[in-house]
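# Below are the sequence and a predicted model for it; my questions follow.
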Amino acid sequence: MKTLARRVYLLLLCLALPLVAHASQVSQVSQVSQVLRAIVSDSNTAPYAIFNADNQLQSGLSKDIIDELARYLELPVVYINLPRARVEPWLLQGEADLACFLNPDWVEQPDDLLWTDALFTTQQLLVRRREAKPVTGIQHLAGKRVGTSRGFTYPELEQVFRSGDVIRDDAHSLESNLLRLKQGRLDVVMTVDLSYHFYVQTSADQSFSADPLWSEPPGVYCGLSRFSPRRAQQIKTALNEIVNSGFIQQRLKFYTKLQH
């Protein structure tokens with residue numbers, strides 16, 4: 001009888017273990033669904049993202065937008081700081097819900113992400129030392145060393161980077177690139193208008209001039225993980241409403257005014 005009872009006990013235990021494991025998985029999914037997991041990398045320059053001394057997101061346009069999104073969804077936010085190269089894998093694997101200030105042309109697998117409507121457009125700039133000649137075409141970059149951001153994609157220049165006609169030189173921050181430009185270690189720095197003008201205003205550094213890139217200003221979007229289709233659609237709908245409300249344009253004007 002003891003042997004029979006032991007066998008029955010073991011059988012019941014084997015049947016229960018998968019149920020316990022399933023319950024644990026359901027609990028984890030439930031916990032994830034109760035927060036908004038947003039990637040904001042410190043490779044995003046101010047005023048897109050402003051980090052404190054402890055490398056925690058403190059303020060900036062990204063926080064403004066995602067905090068407003070969280071208010072729409074009535075969810076707390078968990079901010080995730082990742083290197084730019086890890087942003088797309090985390091979205092694809094469902095480790096995060098969204099990352100903003102992206103464009104389908106800037107990622108490797110755009111069709112595997114869900115995209116919001118464009119939040120706004122941004123003018124790309126080629127920053128040079130003030131005394132250097134203007135850069136108004138790709139031919140002016142021949143043999144030049146261009147300061148770029150590590151992990152970022154530059155579709156307009158990818159071909160000349162690959163051929164070696166133009167030298168790509170990565171750094172982690174805009175400030176680092178501009179310092180190297182001032183020191184003569186770079187010829188040009190790639191950045192965007194809001195970041196460059198914010199830097200000039202807050203640093204009072206008048207060493208540089210900037211020329212607009214010859215291509216059309218690209219749209220800036222949020223890329224959403226498809227891992228949870230329902231969550232992705234909720235985020236997309238809420239962000240589109242935020243765009244249509246004028247909230248983002250108001251915040252852009254706020255940061256632009258800080259530059260004057």
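Structure's in. What do you need?
# What is the neighbour count of residue 124?
20 (other CB atoms under 10 Å). Where C-beta positions appear, they are placed from N, C-alpha and C, glycine not excepted.
# so what's it up against?
Going by CB atoms under 8 Å, 6 or more residues apart in numbering, residue 124 touches 156, 190-193, 212-213, 215, 217-218.
# Need those in TSV (columns: neighbour count, pLDDT and secondary structure).
Converted to TSV, these look like this (neighbours: other CB atoms under 10 Å; pLDDT from 0 to 100; DSSP: H, G, I helix; E, B strand; the rest coil):
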residue	neighbour count	pLDDT	secondary structure
156	14	93	coil
190	20	97	strand
191	22	96	strand
192	19	95	strand
193	17	95	helix
212	13	97	strand
213	20	95	coil
215	12	89	coil
217	14	93	coil
218	19	94	coil
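# which of those sit farthest apart?
For these, the farthest-apart pair by CB to CB is 156 and 193; their separation is 15.4 Å.
# ok, of the contacts of residue 124, which one's closest to residue 85?
Closest to residue 85, out of all of the contacts of residue 124 and judged by CB to CB, is residue 190, at 17.0 Å.
# Give the bridge partners for the closest one, please.
residue 126 (DSSP bridges).
# That one reaches residue 148, doesn't it?
Yes: if you go by CB atoms under 8 Å, residue 190 and residue 148 touch, sitting 5.3 Å apart.
# Common neighbours of those two, please.
With CB under 8 Å, 6+ apart, residue 190 and residue 148 have common neighbours residue 154.
# For the chain, just list every one of the strands.
For the chain, the strands defined by DSSP state E cover 36-39, 50-51, 57-59, 77-80, 98-102, 113-115, 120-121, 124-129, 145-149, 167-171, 188-192, 208-212, 219-225.
# Nearest to residue 200, out of those strands?
It is, among the strands of the chain and with distance given as CB to CB, strand 208-212, at 7.3 Å.
# Quick one: list the elements packing against that closest one.
If you count contacts as 3 or more CB pairs under 8 Å, 6 or more residues apart in numbering; DSSP states H and E, strand 208-212 packs onto strand 124-129, helix 174-182, helix 193-203.
# which of those sits most buried?
Highest mean neighbour count among the helices and strands packed on strand 208-212 (mean count of other CB atoms under 10 Å): strand 124-129, with a mean of 22.
# Now do that one: distance to the chain's middle.
21 Å (CA atoms, centre = their mean, to the nearest Å).
# swap in stretch 242-251?
On CA atoms, centre = their mean, the centre of stretch 242-251 falls 19 Å from the chain's centre.
# CA-only coordinates of it in CSV, if you can.
Provided in CSV are the C-alpha atoms of stretch 242-251 (Å, rounded to 0.1, in the frame of the first residue of the first chain):
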residue,chain,number,x,y,z
ILE,A,242,-0.7,62.3,-28.7
VAL,A,243,0.7,63.4,-32.1
ASN,A,244,-2.7,64.6,-33.3
SER,A,245,-3.2,66.5,-30.0
GLY,A,246,-0.3,68.8,-30.7
PHE,A,247,1.5,67.8,-27.5
ILE,A,248,4.8,66.9,-29.3
GLN,A,249,4.9,70.1,-31.3
GLN,A,250,4.4,72.0,-28.1
ARG,A,251,7.3,70.2,-26.4
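# closest to residue 244 out of the strands of the chain?
Per CB to CB, nearest to residue 244 of the strands of the chain: strand 120-121, 12.6 Å.
# so what does the closest one touch, helix or strand wise?
Checking 3+ CB pairs under 8 Å, 6+ apart, strand 120-121 ends up next to strand 219-225, helix 247-257.
# Can you tell me which of those is packed in deepest?
Burial of the helices and strands packed on strand 120-121 is given as mean neighbour count (mean count of other CB under 10 Å); strand 219-225 ranks first at a mean of 23.
# Sheet partners, orientation included, of it?
strand 98-102 (antiparallel), strand 113-115 (antiparallel), strand 120-121 (antiparallel).
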